[in-house]
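Asks: I'd like to go over a predicted model; first the sequence, then the structure.
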Amino acid sequence: MIFDRKLINTSLCLLTAFMLVVAGFTAAQEVDLKPTAPKTYTVKKNDTLWDIASLFLEKPWLWPELWRKNTQITNPHLIYPGDILTIRYVNGQPVLDVARNKKQITLTPSTVTETKPFPISVLPWSAIATYVDQNELLPEESYTRLPYLLGNQEAEMRFVEGDIVLSRKMGRPQDQYRVIRKQSTIKDLDGKVLGVQVHHVADATMVEDRAADQWLVKVDGSNFEAQRGDKLYAGEFTGADDLSLTAATTQRGKIVGNLHEHSLTGKRDVVIVDIGSDSIKPGTVMGIYAQGPDIIDGKSPRYSSESNVVRSVFNDGTTVKQPALKVGELIIFKTFEKASYGIITRARDRVKKGAIVANP
């Protein structure tokens, strides 16, 4: 019997890749302590649960697993400043114990006040907001229909706080607007538009809305100078709630852009993922995977990205696809109709547009 060496090699590669995926999924729920994990840790006032989990665990979103044999705490997301966390082992598995501070008693000349510190946040919005501008991702149709600034009596091209500006009239007037500017059109890797990314330039207050085709608005609270053509947006620039974290399961997508239009991104950068609000929730932790170019296995192996490389039109095993290797993690913190914002929390390499996001 004659065997096709390339076919066997290809089959072995596929089997190995499948076994790695299965092994990765099976190990996803194992709690692995970092080699540098402290024996004990005292919770501080400005800590977040994500920060503390990252001290102890290779996979911080599995933090609740450390409490599974701890009968002292019913909710693993409620720990307080002053709590002392200690790692012990039960049947070879790490378990977290907590030594809880007693209630604090404050004595005054007339009263005795008993207080308890507030629990620390899982991942507060304030910890993310530092890295996020006031951005929104609007549907392309909605953005196109927005009113926009035309100019003023002084024929100025830029407008600051206190300026009265004429705008094109569209829709019903509102008392308050946000002046927004288009940053980029976000598309998936097939060229389909996912939305228009805008940033907040200034606020605007309606002054006069009785003209046939125009409004007069007053620019307020400028973040930047407004310009002719900037749009008026009546919606809010939504922040985000504090996040409770869960690992992604079946969700899979691609990184299609970022807030600052960098070609490469890294830790603490905000990226755009082509998964919408119907499929993913804020607080979802995802792994970031990079896949190298295909390799053309001929007399002289070459990458498919090299110039003058011709691929075979036949499925004859000459094209070798490289496995996707994990290069980092991100947390989805804000979702829109067709895409979502995520902040990169770990990256062992620079992250490129087109990187795969999936189960961490």
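Replies: Yes, it's here.

Asks: C-terminal to the longest strand belonging to the chain, what's the next element?
Replies: Looking across the chain with DSSP state E, the single longest strand is strand 193-208. Downstream of strand 193-208, the next assigned helix or strand under DSSP states H and E is strand 214-220.

Asks: between that next one and strand 193-208, how big is the angle?
Replies: If you take axes from the mean of the first three to the mean of the last three C-alpha atoms, to 10 degrees, strand 214-220 sits at 90 degrees to strand 193-208.

Asks: hey, C-alpha coordinates of strand 214-220 in PDB?
Replies: Listed next in PDB are the C-alpha coordinates belonging to strand 214-220 (Å, rounded to 0.1, in the frame of the first residue of the first chain):
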ATOM      1  CA  GLN A 214     -31.400  76.100   9.900                       C
ATOM      2  CA  TRP A 215     -30.900  76.200  13.700                       C
ATOM      3  CA  LEU A 216     -28.800  78.500  15.800                       C
ATOM      4  CA  VAL A 217     -26.800  76.700  18.500                       C
ATOM      5  CA  LYS A 218     -24.400  77.900  21.200                       C
ATOM      6  CA  VAL A 219     -21.200  75.900  21.700                       C
ATOM      7  CA  ASP A 220     -20.600  74.900  25.300                       C
END
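
Asks: what residues does that strand touch?
Replies: 147, 149-150, 159-169, 173, 177, 179, 202-209, 226, 232 (C-beta atoms under 8 Å, 6 or more residues apart in numbering). In this view, the C-beta of every residue, glycine as well, is placed from N, C-alpha and C.

Asks: Of those, select the buried ones using a PyMOL command.
Replies: In PyMOL, a selection of the buried entries from the contacts of strand 214-220 looks like this (16 or more other C-beta atoms under 10 Å):
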select buried, resi 147+149+159+163+165+166+167+173+177+179+202+203+204+206+226+232
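
Asks: Report all helices and strands that the longest strand of the chain contacts.
Replies: strand 135-138, helix 140-144, strand 176-187, strand 214-220, strand 226-227, strand 231-233 (3 or more C-beta pairs under 8 Å, 6 or more residues apart in numbering; DSSP states H and E).

Asks: Partner strands of that strand, with direction?
Replies: strand 135-138 (antiparallel), strand 176-187 (antiparallel), strand 214-220 (antiparallel) (DSSP bridges).

Asks: Need the contact partners of the longest one.
Replies: Applying C-beta under 8 Å, 6+ apart, the contact partners of strand 176-187 are 135-137, 140, 143, 146, 149, 193-206, 217, 219, 224, 226-227, 230-237, 256-257, 261, 272, 339.

Asks: what do you get if the cut-off is 6 Å, keeping everything else the same?
Replies: 193-202, 204, 226, 230-234, 257, 272 (C-beta atoms under 6 Å, 6 or more residues apart in numbering).
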